[in-house]
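> With the sequence up front, the predicted model follows.
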Amino acid sequence: MNVPKKILIIRTDRIGDVVLSIPVVRNLRLAFPDSHIAFICRPYTKDVLEGNPDIDKVIIYDKYLKHKSIFSSIKFILMLRKEKFDWALVLHPTNRANLISFFANIPLRIGWDKNMGFLLNRRLPHLKQQGEKHELDYTLELLHKAGVPVKDKSLYFPLKSESSQFVTSLLKKRGVEENGLFIVIHPWASCISKRWPQEYFLELVGLLKKEFSCRIGLIASSAEEGFGDKIIHAHKDVIDLRDSLSLSQLGSLLKMASLFISNDSGPVHVAAAVGTPVISIFGRKDKGLSPLRWRPLGDNSEYLHKDAGCGVCFAHECVNGFVCLREIKPREVLSVARRLLWKDTSK
């Protein structure tokens, strides 16, 4: 195998997907310690990558704003041509990603046979929708296709001192003791079919406070306006952190948390990457969106998922009132929280 001098990784989807791609970077670095490794991502996922010692350069591709037009994308491709990359690994198959790697004149282009996959010269059948393994393992298949051994499957999220200092100061002002029990919850997800009922989260907060006498923080982004309002109104001592943290600061917050409880979403994988105990709540019966493919990884990560007996999952167009989610009761989540927190404090 020829040693590539410059390697480009492309993944322009969401936070959790990028976090689960970090082992690709790590194993490339182990195989080629002197090679230059660059990673193309969307603007809002750059904090997953910046500060990672295995990455030499983070390249932002903003397909919705700066690089939306054909002209701006051509300029972007010409910039990549000047970099003279030897390899490109397209981890998430999109038309644009495959076009970019092709027109950037990168000799070896590895990816999935989907969405103009014919532009790649080494490709794998795209079978992720079958959900037979974890997303991380699907992604690592591309390394096997490149002839690169997989030696390390651990996750990594760069924790920046300025972000940690900001979060430490913020929590101190809100009365969170340095060694006190602090639980963070995230009651939102990108699709309604992934959202555990808000009234269940509301009940869970009461149960957690009663059981553990803990402080609780609530996170959500600006796109998630309204989610968590009932909790904030009912529990005045819950720390409202919605739309107040950068992704880097979120990583620091989750590192400081005793436990993170969330719907199936990107922050779940950030929490797992920083070693925080995680409970992820799953709905849907679709194999490609199942816990087998998307569960949080790590020794302190658990999930809850129930088959409600639906013959076919209609996802966000569910006609059964998302019974799969409603079948997961707050006291079941409390039981898992009890087990994780006991295990964590017994070390």
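Perfect, thanks for sending it.
> Hmm, residue 123 is touching residue 111, no?
Yes: using C-beta atoms under 8 Å, residue 123 is in contact with residue 111, at 5.8 Å. To be clear about C-beta, it is placed using only N, CA and C from the backbone, and glycine gets the same treatment.
> Residues that sit against both of the two, list them.
residue 117 (C-beta atoms under 8 Å, 6 or more residues apart in numbering).
> These two: which has the busier surroundings?
Shown here are residue 123 and residue 111; by other C-beta atoms under 10 Å, residue 111 has more neighbours (28 against 20).
> Grab the nearest non-local neighbour of the more buried one.
residue 90 (3.4 Å; C-beta to C-beta, 6 or more residues apart in numbering).
> hey, what's that neighbour bridged with?
Beta-bridge pairing for residue 90 (DSSP bridges): residue 10.
> Check the burial of residue 71 by counting its neighbours.
Neighbour number of residue 71 under other C-beta under 10 Å is 9.
> Can you tell me the element it falls in?
helix 70-83 (DSSP states H and E).
> send the alpha carbons of that helix over as PDB?
Output in PDB follows, covering the C-alpha atoms of helix 70-83 (Å, rounded to 0.1, in the frame of the first residue of the first chain):
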ATOM      1  CA  ILE A  70     -22.500  26.600  -8.200                       C
ATOM      2  CA  PHE A  71     -19.900  29.400  -8.500                       C
ATOM      3  CA  SER A  72     -18.900  29.300  -4.800                       C
ATOM      4  CA  SER A  73     -18.700  25.500  -4.900                       C
ATOM      5  CA  ILE A  74     -16.400  25.700  -7.900                       C
ATOM      6  CA  LYS A  75     -14.200  28.100  -6.000                       C
ATOM      7  CA  PHE A  76     -14.200  25.600  -3.100                       C
ATOM      8  CA  ILE A  77     -13.200  22.700  -5.400                       C
ATOM      9  CA  LEU A  78     -10.400  24.800  -7.000                       C
ATOM     10  CA  MET A  79      -9.100  25.500  -3.500                       C
ATOM     11  CA  LEU A  80      -9.100  21.700  -2.800                       C
ATOM     12  CA  ARG A  81      -7.200  21.000  -6.100                       C
ATOM     13  CA  LYS A  82      -4.300  23.200  -4.900                       C
ATOM     14  CA  GLU A  83      -4.100  21.100  -1.800                       C
END
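> which residues of the stretch 201-347 of the chain score low on pLDDT?
222-227, 314, 319, 343-347 (pLDDT under 70).
> And the helices in it, which stretches?
229-234, 247-256, 266-273, 291-294, 323-326, 330-345 (DSSP state H, counting those that start in this stretch).
> circling back: counting by contacts, list what the helix holding residue 71 packs against.
For helix 70-83, the packing partners by 3 or more C-beta pairs under 8 Å, 6 or more residues apart in numbering; DSSP states H and E come out as strand 6-10, helix 95-103.
> in that helix, what's buried?
Neighbour counts over helix 70-83 (16 or more other C-beta atoms under 10 Å) mark 73, 76-77, 80 as buried.
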